[in-house]
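**Student:** can't give you the sequence, but here's the structure:
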């Protein structure tokens, strides 16, 4: 006979420590980013550094001639990709026609791949240009490709300023890279 309570989440009051009303989402993989702090971004451009790393280490899923695609280290959703030119510049109007064309083409492929491997229902696409516009790395242009699902909205981001991400970055990078067509 099976236990009817098997598989149920325990209330916080039943766990070790001082009981409170908070539920915990354990995300130990995020400790690397917390410990690094904001200092690395002050001196090094992550989008200039990534292409010099292995695809796995740089979270790169595809490389083109003038631009490449990688996972966002701080994703809004699982599969949140960035399309970046190799060249370091800050705004879209500084891109060459070749960079514009490849950023657009890589964005289209990213959407097709995410539809296939993540079964998403839609996308948010965008570029925040300049610190005042919300760019986390304002000095290096990057296009966001954020997969969205009909069921992905919940109270966490609004009430608790928390995102629940169901997959680790390495797993997402591998599935997107495996789904990327050979050019």
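**Tutor:** Happy to help now that I have it. As the structure is a prediction and not an experimental result, all values here were calculated from the model.
**Student:** Next secondary structure element downstream of the helix or strand of the chain with the lowest mean pLDDT?
**Tutor:** Of all helical and strand segments in the chain, the minimum by mean pLDDT, DSSP states H and E falls on helix 39-43, at a mean of 54. Next along the chain after helix 39-43, taking DSSP states H and E as the criterion, comes helix 46-49.
**Student:** Please identify the buried residues of that next one?
**Tutor:** Across helix 46-49, burial judged by 16 or more other C-beta atoms under 10 Å covers 46-47. All C-beta atoms are positioned from the backbone trio N, CA, C, and that covers glycine.
**Student:** elements contacting that helix?
**Tutor:** Packing partners of helix 46-49 (3 or more C-beta pairs under 8 Å, 6 or more residues apart in numbering; DSSP states H and E): none among the helices and strands.
**Student:** got the contact list for the next helix or strand after it?
**Tutor:** Counting by DSSP H and E, the next helix or strand C-terminal to helix 46-49 is helix 55-58. Residues from elsewhere that reach helix 55-58, judged by C-beta atoms under 8 Å, 6 or more residues apart in numbering: 49-52, 61, 63, 70, 170, 173, 177.
**Student:** Which helix or strand lies directly C-terminal to helix 55-58?
**Tutor:** Heading C-terminal from helix 55-58, the first helix or strand you meet, by DSSP H and E, is strand 60-63.
**Student:** how far does that following strand sit from the chain's center?
**Tutor:** 13 Å (C-alpha atoms, centre = their mean, to the nearest Å).
**Student:** partner strands of it, parallel or antiparallel?
**Tutor:** Sheet pairing of strand 60-63 (DSSP bridges) gives strand 67-71 (antiparallel).
**Student:** Strands along the chain, start to end?
**Tutor:** All strands of the chain, identified by DSSP state E, fall at 60-63, 67-71, 81-85, 122-126, 143-148.
**Student:** Most tightly packed of those strands?
**Tutor:** Comparing the strands of the chain by mean neighbour count (mean count of other C-beta atoms under 10 Å), strand 81-85 comes out on top with a mean of 26.
**Student:** what's the angle from it to strand 143-148?
**Tutor:** 170 degrees (axes from the mean of the first three to the mean of the last three C-alpha atoms, to 10 degrees).
**Student:** partner strands of strand 81-85, parallel or antiparallel?
**Tutor:** Here strand 81-85 is paired, per DSSP bridges, with strand 67-71 (antiparallel), strand 143-148 (antiparallel).
**Student:** May I see the ones you listed organised as JSON lines, with distance to residue 165 added?
**Tutor:** Below are the strands paired with strand 81-85 laid out as JSON lines (distance: least, C-beta to C-beta, whole Å):
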{"stretch": "strand 67-71", "distance to residue 165": "11"}
{"stretch": "strand 143-148", "distance to residue 165": "12"}
